[in-house]
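*Asks:* For reference, the sequence and a predicted model appear below.
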Protein chains: 4
Amino acid sequence: MKITKVQVIVHCPARNFVTVKVHSDQGVYGLGDATLNGRELAVSKYIEEYLTPSLIGKSPFDTEDIWQFFYKGVYWRRGAVNMTAIGAIDIALWDLKAKLLNVPLYQLLGGKSRNKILTYCHGHGTSFEDTIEKVLEKKEAGYEAIRVQSGIPGLDKIYGMNTKKGAKYEPAIAAETPFEEEWDTSKYLNHVPRLFEKVREAVGDEVHLLHDGHHRLTPIEAARLGKELEPFHLFWLEDLVAGEMQESFRLIRNHTTTPLALGEVFNTMFDCKTLLEEELIDHLRMAVSHGGGITPMKKIAALAELHHVKISPHGPSDISPIGIAAALHLVTAINNFGVHEYMGYEEQTLEAFPHAFKWEKGYLHLDETPGLGVDINMDLVDKYPYKKAFLPVNRLTDGTMFHW
Amino acid sequence: MKITKVQVIVHCPARNFVTVKVHSDQGVYGLGDATLNGRELAVSKYIEEYLTPSLIGKSPFDTEDIWQFFYKGVYWRRGAVNMTAIGAIDIALWDLKAKLLNVPLYQLLGGKSRNKILTYCHGHGTSFEDTIEKVLEKKEAGYEAIRVQSGIPGLDKIYGMNTKKGAKYEPAIAAETPFEEEWDTSKYLNHVPRLFEKVREAVGDEVHLLHDGHHRLTPIEAARLGKELEPFHLFWLEDLVAGEMQESFRLIRNHTTTPLALGEVFNTMFDCKTLLEEELIDHLRMAVSHGGGITPMKKIAALAELHHVKISPHGPSDISPIGIAAALHLVTAINNFGVHEYMGYEEQTLEAFPHAFKWEKGYLHLDETPGLGVDINMDLVDKYPYKKAFLPVNRLTDGTMFHW
Amino acid sequence: MKITKVQVIVHCPARNFVTVKVHSDQGVYGLGDATLNGRELAVSKYIEEYLTPSLIGKSPFDTEDIWQFFYKGVYWRRGAVNMTAIGAIDIALWDLKAKLLNVPLYQLLGGKSRNKILTYCHGHGTSFEDTIEKVLEKKEAGYEAIRVQSGIPGLDKIYGMNTKKGAKYEPAIAAETPFEEEWDTSKYLNHVPRLFEKVREAVGDEVHLLHDGHHRLTPIEAARLGKELEPFHLFWLEDLVAGEMQESFRLIRNHTTTPLALGEVFNTMFDCKTLLEEELIDHLRMAVSHGGGITPMKKIAALAELHHVKISPHGPSDISPIGIAAALHLVTAINNFGVHEYMGYEEQTLEAFPHAFKWEKGYLHLDETPGLGVDINMDLVDKYPYKKAFLPVNRLTDGTMFHW
Amino acid sequence: MKITKVQVIVHCPARNFVTVKVHSDQGVYGLGDATLNGRELAVSKYIEEYLTPSLIGKSPFDTEDIWQFFYKGVYWRRGAVNMTAIGAIDIALWDLKAKLLNVPLYQLLGGKSRNKILTYCHGHGTSFEDTIEKVLEKKEAGYEAIRVQSGIPGLDKIYGMNTKKGAKYEPAIAAETPFEEEWDTSKYLNHVPRLFEKVREAVGDEVHLLHDGHHRLTPIEAARLGKELEPFHLFWLEDLVAGEMQESFRLIRNHTTTPLALGEVFNTMFDCKTLLEEELIDHLRMAVSHGGGITPMKKIAALAELHHVKISPHGPSDISPIGIAAALHLVTAINNFGVHEYMGYEEQTLEAFPHAFKWEKGYLHLDETPGLGVDINMDLVDKYPYKKAFLPVNRLTDGTMFHW
């Protein structure tokens, strides 16, 4: 059994995606998600030029050896471009293996650990009132967990606020250079506790409320926010502080019992090793694709399990249905699952990626389709060509470059 | 797909083994090793009475859920009897899954990470000269790694010395009560460096030399031994100190660069968590069966990989060919393998467990047989009934109960 | 003076018990409790097959040597099956020694450190109102310390709620497989502070209120609960987090001054060493039988005393009157006693184990009866044969296996 | 003053280089080195597509803001592809600024802290004798510091050994897939101390001897090597252990006083923060280009200075003369410089990059040329087009994927 061909497909069905298709001599193929929002072509070039020639002739079953070959073999290890490239191939190989054995992927990862997968959605509004309305709509729609973000008086262009009327929220914006947002941490810190006081009052105790700080606080600011939100019993506070220096989370952890989530920008176990081993967070949010694939994510989930940390995958629109399916199969099989982010997709995306998973009443559901249960509609690839788009950047009101 | 029946077989083909046979409604069965040397019937009773009824009707693919059901469900967690029982079932389920999918087990664990599996054997003699002779014989036979133990002047009955002429070394002795050996740490500490000076001189640098302290030293004694053996470049010093208190290894680690091995009596990740996370050992020696099966050992191997620790499974005569095969499939699939202990088996044992793995020129080799590649000869079960046998106990020369 | 015979008695006077009877050549016997709820036959087999032959001919006074013989001699140390077996024998030997010397056991352990032993009972209700009623009844009955648990809206089958009308609460349920309960931590965390606000208001400050989390929280959830309960001055919060990883209690300890109790599933000093030496808990709840007997519990109590930790033994219905008596003699003799759990027994159990200790006005009292002061009615043994029963298991509402 | 155009030039004058040329509206340009050995096109694509449009119109003097814009703006931070891209632009901007001000770059970085820059070269041989001969040749040539590597008996294809007769050593090999080398740590560890005993004896005390372990040891193996090499007073032992987990260096540091060097694969301060703050190494070897440019390397040098660590830049053939010049200007201006690696270049490379720095008698020398003092010969770019080439990968002799 051998890998015979690898295709890297860059397309834009509503937004950009990079899809890897690994073919075997059995006439079966596997699919992987190599999308790195705002850096798509660096990853596709990386895979085409430097990874795929080494795959030809290898057995798709040798996922551990192939992963080590690419991880150790690059010499310049880690990093989002590199790990997303490796991750896409690893996902495709697991899809291929499961298809060759004619079982859904979760059967190779330990079988079913739960019947359905809890999701959270985004309930974002411009004002207190608008936010409450959006949250109540989502609750009505069946969501048991809702991320709450709102506009902040005095700041016009901020993260999480929809700028396109009538469309789903999409942070990446097609342009030649990144859009610049603005920020004032002081305004934010004063605003958020008031927001959650009102939202909790409006929705009651039965809904899980989440919030995302988007890496913009210092540890001591994060500690203040966590502490002030305690009465409202958040499910989690996410991405409070930029995560390059894991030890910084010790301070936050000492000050607040609000659960903490982190990790959507992480790429390897080394990015979260201290956070896990010192039990500084409660939810690890790595995407399977950006985290290097199923192979390392199984290992990371094991370390998280030891330390009371749940795997709660990143799942916005730039994770393609292939990437989402990889996460769904992983979290179906592990014991320490938390919650999965789910924004849904635009119509064109759904058409481009026919898939077996379904969302119903707040939960995602897998069926018995072999492999990941996601396909790519090759007829649409040329119809929706890549359009350069960027995530925004962020400046303080005095012009200082800041975390987005 | 359902589990329909579970058999627990206690037999004595040359020595006692407890074998678990899990049947499915597909007419295929899986085998697990539940042997706990000197406590066999406690484990077999435990499985029959308390575990197997819960398996009936479950899917053999749900290994993670079944493992969690037994681990969390007992309330009185951990412990060798409990974990060996769980481990045997987990191994049998993985064997069954691989047979149902018609692939060797390693294909479900990540594929092939190496072509062959390095083994070490026991080169034990009564005196310096006898030991050197035994080690040279083993080297001649093709072993690249040899554990060296020898008789200690002034101590008659000690661990590792063969008492049955013409038979393989077997520590368990059939009787109603345990055999009592004797010990003097001071004599041992003076003897071992002289032994290795002579053995290294005799065999040259090309052979890996190992030694087992069998849990009998204090940390400071272990530190002395490690330090004094440095010039002879041991592959490892094993089981220097009883492992219940992992922090005690910090002292040894500070004093010597001789590599350390530990873990044959460990049953869960919690038994080695500090050793791994603080990088206090170099080789983790857990048996797959005593460690609770393939499911937890994959997780433990992942934590070990992060921390530069190799998986080097325990493999004496009381690990049945089923248990050995479970380890061989595991270490074929992981990157961080060290060495596998291999003593071979008596003729009756080989007859009782027809198996596909083969030892050749210092290495064990798997082939493409689906599952573990080991069977049990049911015709011989009644021919070799269980005979109570014990591992020895140990006293200091003044009569003090001591570590065996 | 020699041990001449050992009997292991498995019987079911209202519930299963395993009782060990060690006979001496003086015509006197000692009794030990080997009950391990839901795993009784594994322990009885273990003792009969592997421990009792080694006792014959030994002096019952050599409790230290015999304990070390079994602890070090098993090679596969620790674990509930093993330690309960050793513990039952150790208790029986101490009972025997005290009877041979014609003194109550506490006289061999240091004499009387107090006149009576504070107990706590269970005040469990289905609703706020029902719980308050039950707590007030218990207060009325003389209890100065009451454990408060209650039904949680939206969860039907949970720990601590009585399912058998008119009978005492008994978690073990006779069946071929464990009963499955259900759980939702979020509902629990919202409910408990409201419960204690109402209960404290109803009973006033004079009653000690306790609560048991039954190992179901993560450290950060435990920290939140401890913090939110601070205004109600609990005597303790027990078993908040599964105890395999003792370091996890550091986080809870940083966040709350609510006293913490742990240890009913512990089997050796190694299970609580970090908790004690870092002073992470306030009460150690080990049962004498599950903790390996009087011999190790004296040592553990000594380490606890050094670190301001009190010994507050586990005492539900599955600890037989023999096990309770062992704990009562121990805590009579030590300085650092906290509180003893006491549920009382069904009529059949009382009949099976005639005993000298008495409960009165919130306290247990020992008298001058030599030894433990508990006997077994051998005439009833055949009347009440063993019936297989299990503690429940627990699943989250999405089907995930969870801590019971 | 504005940036008007950015060119990314991929060429192969003897080996592949990626060169960035940033033009200003003053008719002056700056040059940066974006070469990432074996991943060149991923970086060039990354810069062209995602970075250069954002530069147009910005002031070349705003290096801090531009660096933060790219570092914070990518969202998926760190990683060699990303940081090399940012680093090349930062170097080009500093070159441009210095040219605009008509001063050598070091004048903007703090002026001259030394007159000349100590270099080390590679003295590599196949055998003991050959290595000694090579080292003596280098000493003769004026080198005061020489890295010593040698062939290892029993291993054919290993790092550092020249495979092309008559050419300089070049690890990258032009092919469609990476070349596979082989490895055996045990043979290496036995060999190296003997090598240094002989080499030190041959060259005397006056020459600095260095050695590179190329990330292939575990911490305890590294500790052994460091300890055994102590009598030969190495200038440093480099890259003993893969650096993703900085804490692992504590063990090595505890065991040996041999100075340690690390960092050629590092990309940000976060990669060395623990190493520096805990003073676990003596020399930090980051390349200016791979470390994100002059802007972050100034900050990293500052932290290193605080902790007694010297900046000793990486300088093999894949660092172009532009990258080398960036390092030379940096280390001219800081106080805490150690030594600079210098292999020289093939004729075609020298022709492609006319440069002002000169090597003489063991030292590199800068002159007063404005900027970096390196140019690119644009006439040769098309003559030497990019040829795909890879660094090797490495397998153990049993086939296990290993660190290269």
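*Replies:* Sure, I can see it. Numbering: from 1, shown residues only, chains lettered A, B, ... in the order given.
*Asks:* Tell me which helix or strand comes right after the longest helix anywhere in chain A, heading toward the C-terminus.
*Replies:* Using DSSP state H to define each element, chain A has its longest helix at helix A:80-101. Downstream of helix A:80-101, the first helix or strand assigned by DSSP states H and E is strand A:117-125.
*Asks:* helices and strands around the very next helix or strand once past that next one, which ones?
*Replies:* Along the chain past strand A:117-125, the next helix or strand (assigned with DSSP H and E) turns out to be helix A:128-140. Applying 3 or more C-beta pairs under 8 Å, 6 or more residues apart in numbering or on different chains; DSSP states H and E, one finds that helix A:128-140 makes contact with strand A:117-125, strand A:145-150, helix A:185-203. The C-beta positions use only the backbone N, C-alpha and C, and glycine is treated the same way.
*Asks:* anything in the helix or strand just after the second one near chain D?
*Replies:* If you walk from strand A:145-150 toward the C-terminus, the next helix or strand you reach (DSSP H and E) is strand A:173-174. No - with C-beta under 8 Å from any C-beta of the partner chain as the threshold, strand A:173-174 lies outside contact range of chain D, at a closest distance of 12.8 Å.
*Asks:* ok, residues contacting strand A:173-174?
*Replies:* Around strand A:173-174, the neighbours that count as contacts under C-beta atoms under 8 Å, 6 or more residues apart in numbering or on different chains are A:179, A:387-390, A:392.
*Asks:* rerun that using 6 Å as the cut-off
*Replies:* Strand A:173-174 is contacted from outside by A:179, A:387, A:389, using C-beta atoms under 6 Å, 6 or more residues apart in numbering or on different chains.
*Asks:* So which elements touch the helix or strand A:Val18 falls within?
*Replies:* Taking DSSP H and E as the criterion, A:Val18 maps to strand A:17-24. Counting contacts by 3 or more C-beta pairs under 6 Å, 6 or more residues apart in numbering or on different chains; DSSP states H and E, strand A:17-24 is packed against strand A:3-11, strand A:29-33, helix A:40-46, helix A:80-101.
*Asks:* So which residues on the stretch 51-200 of chain A come close to chain C?
*Replies:* The stretch 51-200 of chain A has residues A:114-116 near chain C, with proximity defined as C-beta under 6 Å from any C-beta of the partner chain.
*Asks:* Give me the PyMOL select line for these, limited to the buried ones.
*Replies:* Only the buried members of these end up in this PyMOL selection, burial being decided by 16 or more other C-beta atoms under 10 Å in any protein chain shown:
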select buried, chain A and resi 114+116
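*Asks:* Now for A:Asp398, how many residues are close by?
*Replies:* The number of residues packed near A:Asp398 is 6, by other C-beta atoms under 10 Å in any protein chain shown.
*Asks:* Which secondary structure state is assigned to it?
*Replies:* When classified by DSSP: H, G, I helix; E, B strand; the rest coil, A:Asp398 comes out as coil.
*Asks:* Around chain B, pick out the residues from chain A.
*Replies:* When proximity is defined by C-beta under 6 Å from any C-beta, chain A lies next to chain B at A:61-65, A:68, A:101, A:107-108, A:110-113, A:269, A:277, A:299, A:302-303, A:306, A:333, A:335.
*Asks:* Are any of those residues buried, and if so which?
*Replies:* Applying 16+ other C-beta under 10 Å to the residues of chain A next to chain B flags A:61-65, A:68, A:101, A:107-108, A:110-113, A:269, A:277, A:299, A:302-303, A:306, A:333, A:335 as buried.
*Asks:* which residues touch A:Arg77?
*Replies:* For A:Arg77, the contact set (C-beta under 6 Å, 6+ apart) is empty.
*Asks:* Pop out the phi and psi values for it.
*Replies:* Note on A:Arg77: its backbone torsions stand at phi -80, psi 170 [degrees, to the nearest 10].
*Asks:* State the distance from it to chain B.
*Replies:* Using C-beta to the nearest C-beta, to the nearest Å, A:Arg77 is found at 14 Å from chain B.
*Asks:* ok, that residue to A:Glu181 distance?
*Replies:* The span separating A:Arg77 from A:Glu181 equals 32 Å under the rule C-beta to C-beta, to the nearest Å.
*Asks:* One more: A:Lys139?
*Replies:* Look at A:Lys139 and A:Glu181: by C-beta to C-beta, they are 28 Å apart.
*Asks:* circling back: just the helices and strands packed on helix A:128-140: most buried one?
*Replies:* Of all the helices and strands packed on helix A:128-140, strand A:145-150 has the most neighbours on average by mean count of other C-beta atoms under 10 Å in any protein chain shown, namely a mean of 26.
*Asks:* what sits up against that strand?
*Replies:* Outside of strand A:145-150, the residues that reach it under the criterion C-beta under 6 Å, 6+ apart are A:120-125, A:131, A:135, A:138, A:160, A:195, A:199, A:208-211, A:235, A:339.
*Asks:* tell me the contacts of A:Lys387?
*Replies:* Contacts for A:Lys387 (C-beta under 6 Å, 6+ apart) come out as A:12, A:174.
*Asks:* 8 Å instead?
*Replies:* By C-beta under 8 Å, 6+ apart, the contact list for A:Lys387 reads A:12, A:16, A:174.
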